[in-house]
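Participant: structure for the following, please:
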Amino acid sequence: MKIAPADACIFFELSIDQEFDLIKAKRVGRPFNDWIKTLIFGITASVHFKQNMLDSGGVPSLTKKDFFKEKEIFIPNDFSFDVFMLYYFKSKNKKVLRPKIRYTTRLHGESKWQRGYKSELNLIKTIFNYKNTWKESLK
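Facilitator: You can find the predicted model right below:
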């Protein structure tokens, strides 16, 4: 886990205190290389999806279970899920809360997918290839 347990509690507090459709964290305190990669992806994704998609992938998110009952939408079952959720809720003009959380280096374990730039480029390609599928499911 790359977030402090205290920051995880923010999600529960917000879910009790405020109306929301999606709570999606914004990461702060990241290592510089990770921050640069996220910024480049965010700018590229924002242009590609015509939405503000900054810091859209790989961050903790919380939504209501009704979201998963939607029959007409395509919900990806891979790492693009985070990006899809933000795209979906923004496209529908739903209420998205973006609390800041500290995101530092991983203390224990290792990433099972992030094995260098090639794996990250493959993920970006996959996400961008979903664009038409996502747009169709939102009509």
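
Participant: am I right that Ile23 sits in a strand?
Facilitator: Yes - assessed by DSSP: H, G, I helix; E, B strand; the rest coil, Ile23 belongs to a strand.

Participant: do you know the pLDDT at it?
Facilitator: We have a pLDDT of 92 for Ile23.

Participant: repeat for Arg106
Facilitator: For Arg106, pLDDT reads 62.

Participant: same thing with Leu97?
Facilitator: Confidence score, pLDDT, at Leu97: 93.

Participant: show the backbone phi and psi for it.
Facilitator: Main-chain dihedrals, Leu97, degrees, to the nearest 10: phi -100, psi 140.

Participant: mind listing what it touches?
Facilitator: Leu97 makes contacts with 14, 18, 20, 22-24, as judged by C-beta atoms under 8 Å, 6 or more residues apart in numbering. The way it works is simple: take the backbone N, C-alpha and C, and place the C-beta from them, glycine included.

Participant: and those residues, which two are furthest apart?
Facilitator: The distance between the two most remote of those (C-beta to C-beta) is 13.5 Å, for Gln18 and Lys24.

Participant: which of those two has more neighbours?
Facilitator: Counted by other C-beta atoms under 10 Å, Gln18 and Lys24 do not tie: Lys24 has more neighbours, with 22 against 10.

Participant: ok, back up a step: ok, so of the contacts of Leu97, who is nearest Lys92?
Facilitator: Of these, the one sitting nearest to Lys92 (C-beta to C-beta) turns out to be Leu22, at 9.9 Å.

Participant: and the closest one, how many residues sit next to it?
Facilitator: With other C-beta under 10 Å as criterion, Leu22 counts 20.

Participant: how many other residues sit next to Val96?
Facilitator: Val96: 18 neighbours (other C-beta under 10 Å).

Participant: was I right about it contacting Lys24?
Facilitator: Yes - Val96 lies in contact with Lys24 (C-beta atoms under 8 Å); the separation is 6.2 Å.
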